[in-house]
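Trainee: Fold the following for me, if possible:
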Amino acid sequence: MSILSRYLTPPRKSFFLFGPRGTGKSLWVKEQFKKALFLDFLSPETFRTYSAYPERLREIIAANPGKTDIVLDEIQKVPQVLTVIHSLIEEHKDLRFIMTGSSSRKIKKTGADLLGGRASSVSMHPFMAAELAGAFSLNTALETGLLPLVRFAEDPRQTLAGYLALYIKEEVQAEALVRNIPAFARFLEAVSFSHGSILNISGVARECAAERKTVEGYLKILEDLLLSFQVGVFTKRAKRRLVEHSKFYFFDAGVFRSIRPRGPLDRPQEIDGGALEGLVAQQLRAWIDYRGKENRLYYWRTPKGLEVDFVVYGEDGIFAFEVKNSAKVYPESLRALEAFKQDYPEAECVCLYRGAERLKKGNILCLPCGEFLAGIKPGKLLG
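Mentor: Purely as a prediction, here's the structure:
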């Protein structure tokens with residue numbers, strides 16, 4: 001895998017680094033902490049040793065007094081070692097533990113509470129378009145996503161096709177998170193139709209012939225494995241009645257496309273539109289996390305169907321984005337943004353579309369989607 005500069009800035013003290021498989025966490029920590037003591041819990045020997053005897057960490061640190069940075073890769077595999085880390089942080093203020101994880105499930109149960117705020121939490125996302133600079137292609141990103149693992153594979157499509165199978169085998173099945181793997185696979189296909197839409201859990205349950213509680217459990221597993229996220233409704237000082245339910249997204253546009261069934265009854269435009277909206281969502285999430293300020297991602301929708309795809313609200317202001325998978329901007333494409341602008345005059349409203357020209361229609365800026373994504377950087381504001 002080629003080494004590209006990432007926007008993530010390492011905290012000065014101990015921290016958890018969460019991110020799905022293939023986002024480049026291991027490569028990043030090796031580049032950032034070249035002199036660190038490095039433990040890889042994906043190694044069978046290391047896993048067996050520390051699972052049986054977590055106190056070994058104390059011994060190896062004592063034998064390497066010059067190592068003040070300790071990297072523990074995929075720490076969710078051996079959560080019992082967090083008890084030792086907790087005591088070491090208390091005893092040695094000069095030590096910094098860098099703990100990576102592709103699943104927060106076990107860490108939430110033991111580590112996060114156990115460390116009691118002594119370690120911060122940061123996220124690694126798929127590439128931002130700006131990290132790829134001139135190598136970014138909107139069409140490629142929509143087809144195969146922006147996972148580093150896929151991006152630098154000899155055959156990106158084949159790698160992407162096997163990505164979920166790897167997760168199901170090494171995370172879901174190995175950790176006994178799901179007893180019925182075929183049912184979970186059916187759920188993945190069913191929930192892919194909810195990507196970019198308001199999540200109807202009962203509808204998903206009917207589609208995959210499962211109980212609602214089972215589907216709720218499956219959704220929690222997806223979130224804990226960092227494979228999906230939900231976007232809530234923006235209700236700050238609402239001037240009109242709004243819907244209440246969240247929208248669902250897979251974390252990467254390429255992963256979404258690899259799961260979404262395609263056949264004679266599926267409209268390509270619908271899948272392309274979902275991929276585009278999901279790509280914008282993942283880029284905005286990365287900007288929010290890497291920027292390091294108090295900003296959050298929402299959407300806005302009225303019961304009558306007026307919807308703004310994304311609202312970023314926080315320290316940096318209020319930004320509203322409508323995403324259109326079309327080469328032209330039609331008047332009806334701007335109605336939701338115009339309504340939002342009426343309710344929130346201070347908002348910067350932007351329509352992202354597949355055309356090539358920057359346009360200004362009233363108070364709304366219309367930007368080519370690829371140009372906008374390529375320009376998103378944590379060091380500057382959106383818009």
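Trainee: residues touching the closest residue to Phe229 other than its chain neighbours, list them.
Mentor: For Phe229, ignoring the flanking residues on the chain, the nearest one in space by Cβ to Cβ, 6 or more residues apart in numbering is Tyr249 at 5.7 Å. Glycine gets a C-beta too; all of them are placed from N, C-alpha and C. Contact criterion Cβ atoms under 8 Å, 6 or more residues apart in numbering gives His195, Gly196, Ser228, Phe229, Gln230, Val231, Phe256, Glu277, Gly278, Ala281, Gln282 as the residues in contact with Tyr249.
Trainee: give me phi/psi at Tyr249?
Mentor: In terms of degrees, to the nearest 10, the main-chain angles of Tyr249 are phi -140, psi 140.
Trainee: Could you check how far the spatially most central residue of the chain is from Pro126?
Mentor: By Cα atoms, centre = their mean, the chain has its centre lying nearest to Phe251, at 4.4 Å. As defined by Cβ to Cβ, to the nearest Å, Phe251 lies at a distance of 7 Å from Pro126.
Trainee: So which elements touch the strand or helix carrying Lys360?
Mentor: Lys360 belongs to strand 359-361 when elements are defined using DSSP states H and E. Counting contacts by 3 or more Cβ pairs under 8 Å, 6 or more residues apart in numbering; DSSP states H and E, the secondary-structure elements packed against strand 359-361 are strand 364-368.
Trainee: Strand partners (parallel or antiparallel) of the host helix or strand of Tyr313?
Mentor: Using DSSP H and E, the secondary-structure element containing Tyr313 is strand 307-314. Note on strand 307-314: by DSSP bridges, its sheet partners are strand 295-301 (antiparallel), strand 317-323 (antiparallel).
Trainee: Would you mind listing the buried residues in the first one?
Mentor: Going by neighbour count (16 or more other Cβ atoms under 10 Å), the buried part of strand 295-301 is Asn295, Leu297, Tyr298, Tyr299, Trp300, Arg301.
Trainee: quick one, what contacts the first one?
Mentor: Meaning Asn295. Each residue near Asn295 by Cβ under 8 Å, 6+ apart is listed here: Ile288, Val312, Tyr313, Gly314, Glu315, Asp316.
Trainee: what secondary structure does the first one sit in?
Mentor: Pointing back at Ile288 there. Here Ile288 is helix, with the state taken from DSSP: H, G, I helix; E, B strand; the rest coil.
Trainee: per-residue confidence at the closest residue to it other than its chain neighbours?
Mentor: The spatial neighbour of Ile288 that comes closest, neighbours along the chain excluded (Cβ to Cβ, 6+ apart), is Asn295 at 4.8 Å. Here, the pLDDT recorded for Asn295 equals 97.
Trainee: quick one: Asn295 from Asp289, how far?
Mentor: 9 Å.
Trainee: go on, Ser103?
Mentor: 18 Å.
Trainee: the more surrounded of the two?
Mentor: A side-by-side neighbour count of Ser103 and Asp289, using other Cβ atoms under 10 Å, places Ser103 first with 25 against 17.
Trainee: ok, that one touching Val172?
Mentor: No - contact status for Ser103 versus Val172: not in contact, 9.7 Å apart, counting by Cβ atoms under 8 Å.
Trainee: Please identify every residue contacting each of these two.
Mentor: Residues touching both Ser103 and Val172 comprise Leu225, with contact defined as Cβ under 8 Å, 6+ apart.
Trainee: Would you map out the domains in the chain?
Mentor: Partitioning the chain according to automatic domain parsing yields domains covering residues 15-123, 129-375.
Trainee: what about the shortest one, start to end distance?
Mentor: In domain 15-123, first residue to last residue: 10 Å (Cα to Cα, to the nearest Å).
Trainee: From the contacts of Tyr249, keep the buried residues only.
Mentor: His195, Gly196, Ser228, Phe229, Val231, Phe256, Glu277, Gly278, Ala281, Gln282.
Trainee: mind checking pLDDT for the last one?
Mentor: The model reports Gln282 with a pLDDT of 98.
Trainee: Check the gap between it and Asn180 for me.
Mentor: Per Cβ to Cβ, Gln282 is found 29 Å from Asn180.
Trainee: does the residue nearest to the centre of the chain really touch Glu223, like I thought?
Mentor: No - applying Cβ under 8 Å, one finds Phe251 not in contact with Glu223, separated by 9.7 Å.
Trainee: where do the contact lists of those two overlap?
Mentor: With Cβ under 8 Å, 6+ apart as the test, Phe251 and Glu223 both reach Phe229.
Trainee: how many other residues sit next to the closest residue to Ala153 other than its chain neighbours?
Mentor: Of all residues beyond its chain neighbours, the one nearest Ala153 is Thr159 (3.8 Å), with distances taken as Cβ to Cβ, 6+ apart. Applying other Cβ under 10 Å, we find 20 residues neighbouring Thr159.
Trainee: Thr159 - that's part of a helix, no?
Mentor: Yes - if the criterion is three-state DSSP, then Thr159 is within a helix.
Trainee: Fine, thanks again, bye for now.
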